[in-house]
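> fold the following.
(one chain, ligands or ions: 1)
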Amino acid sequence: MASRLHAKCQKVTISNWFRIRRANFSMCPFALPTHRQTTTFRLGSGSVCSLAASFAGRFLGPLVKTRTFGMTPGGGRLRNPRTEVRPFGSPLLPQVLIARYHFEMAKRVLVCPPTYFEVVDHKNPYMSDKAVVDKAKAQQQWQGLCSALESAGCQIETIVPVAGLEDMVFAANPVFVGFHESVGKFIVPSHMVHASRQQEVPRYVEWYRQRGFKIVEIDLGSDYLEGHGDLLWHPDGSCIYAAYGFRSTRGGIEKFSDVMSKMGIAVTRLRLVDPYCYHLDTCLCPLNGEAALIYPGAYDSESLATLRRSWPRLHELTVAEAHKFMGNGIVVNGSYLTPYITPHLEEILRQEGLKPVVLDTSEFEKSGGSLFCMKAFLP
Ligand code: ARG
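Predicted coordinates for the structure are as follows:
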């Protein structure tokens, strides 16, 4: 019975570009797909599989031990899955059937057209008063990013740009996006340091609200928190790396960590010390569950030690590579989208089984941003 049900699930889902995979082998679906993964999203309790499994379980026996995976954004597995006893299920029914399932499908990604993109003030060391944005070129480069994401199997979603919000193209910053079993898909609105960027936040929040995301408001007071600029999921969803020093404040990260820990999500705090790496996404780029790119000069010694303990393989970018945003790339379905490439980075990517895809982002670099900041993966 169990294997027939399992086979049926496989048959239902393998069709077309859906592929079923067991929860305990899947990785965080929207944060970091690797070459072993396309995209996953978590099926709710109404899914064919869980329904079939629990239906069968109810009829087959009294109790079965099942594994509960503390789901994180999009259902990544936690390192210490809890084992619990459920009041239904059957010893005859293998755990595989009761485990939650994930589908692999086109990864959804949110971007914002650079219609009003400009360099108007000095928010970070890359921005110069004299920088003039070539609008046509910016549009072309943004289009290049969208095409590359689509070629990598992503489904693009857009938010309408707003006149006067010159940095709205940096979709990674105004909210932090996550998924957790207890709340489903959620966002944490940012408190941006700069006035024009603060106005982006309600626009993005509304976009997510309309699409069913729960809004986890944190009372940040006078503290700052800048979304995925400073908050990065571990690819397996086991924790969030959270940095402060230039944009997000220590207090902001602490408040964020308190709220996340109540939801059962661990947060690893890091302190940034290089003003050219003012956001964490310029100096930490997880490549898969075991390897990450870092620029060591961006961290204080304690944070660096923490990173070294956390990752089996830590690849170090040079200062020149980091300041050229080579750590601000996007890992997507076996590719690493990067604004530049060096033989050194190419070798790292080769070791990690990633194919470099070089995309020009020169216009956005004038504003201190590149590929990673220009999108938000959605659960
Ligand atoms: N001009 C923008 C700012 O300073 C760039 C943001 C780039 N985003 C990033 N995550 N690094 O806020």
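> and this protein, which of its residues are near the ligand?
123-124, 167, 170, 172-173, 197, 229, 279, 281-282, 367-369, 373 (CB under 6 Å from any ligand atom). For glycine as for every other residue, the C-beta is placed from the backbone atoms N, C-alpha and C.
> of the residues you listed, which belong to strands?
Secondary structure of those is defined by DSSP state E; no position falls in strands.
> ok, Pro161 touching Tyr116?
Yes. Under the criterion of CB atoms under 8 Å, Pro161 lies in contact with Tyr116, with a separation of 5.4 Å.
> hey, what's in contact with both of these two?
With contacts taken as CB atoms under 8 Å, 6 or more residues apart in numbering, the residues that reach both Pro161 and Tyr116 are Met168.
> in ChimeraX, select just the buried ones from the residues of the chain next to the ligand.
The ChimeraX command for the buried members of those (criterion: 16 or more other CB atoms under 10 Å) is given here:
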select :123,124,167,170,172,173,197,229,279,281,282,367,368,369,373
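> identify the farthest-apart pair in the residues of the chain next to the ligand.
Farthest-apart pair in the residues of the chain next to the ligand is Arg197 and Thr282; separation 16.4 Å (CB to CB).
> confidence score at Ile98?
For Ile98, the pLDDT comes out at 28.
> okay, now the domains of this protein?
4-104, 107-378 (automatic domain parsing).
> surely Arg313 meets Gly289?
No. Under the criterion of CB under 8 Å, Arg313 lies out of contact with Gly289, with a separation of 10.2 Å.
> which one's more surrounded, these two?
Shown here are Arg313 and Gly289; by other CB atoms under 10 Å, Gly289 has more neighbours (22 against 12).
> longest single helix anywhere in the chain?
Once the chain is assigned using DSSP state H, the helix that runs over the most residues is helix 135-151.
> can you flag the weakest of the domains of the chain by average pLDDT?
In terms of average pLDDT, domain 4-104 trails the rest of the domains of the chain, at a mean of 33.
> in the stretch 101-250 of the chain, which spans are helices?
Counting by DSSP state H, counting those that start in this stretch, the stretch 101-250 of the chain has these helices, from start to end: 135-151, 195-198, 200-210, 250-262.
> now do the second one: which elements does it pack against?
It refers to helix 195-198. Using 3 or more CB pairs under 8 Å, 6 or more residues apart in numbering; DSSP states H and E as the contact criterion, no helix or strand is in contact with helix 195-198.
> ok, residues contacting that helix?
120-121, 123, 164-167, 173-174, 191-192.
> if you set the cut-off to 10 Å instead, what comes out?
With contact meaning CB atoms under 10 Å, 6 or more residues apart in numbering, helix 195-198 is reached by 120-121, 123, 162, 164-168, 170, 173-174, 190-192, 224, 226, 229, 247.
> for the residues you listed, which ChimeraX command selects only the ones that are buried?
Applying 16+ other CB under 10 Å to the contacts of helix 195-198 leaves a buried subset, and the ChimeraX line that selects it is:
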select :123,165,166,167,168,170,173,174,190,191,192,224,226,229,247
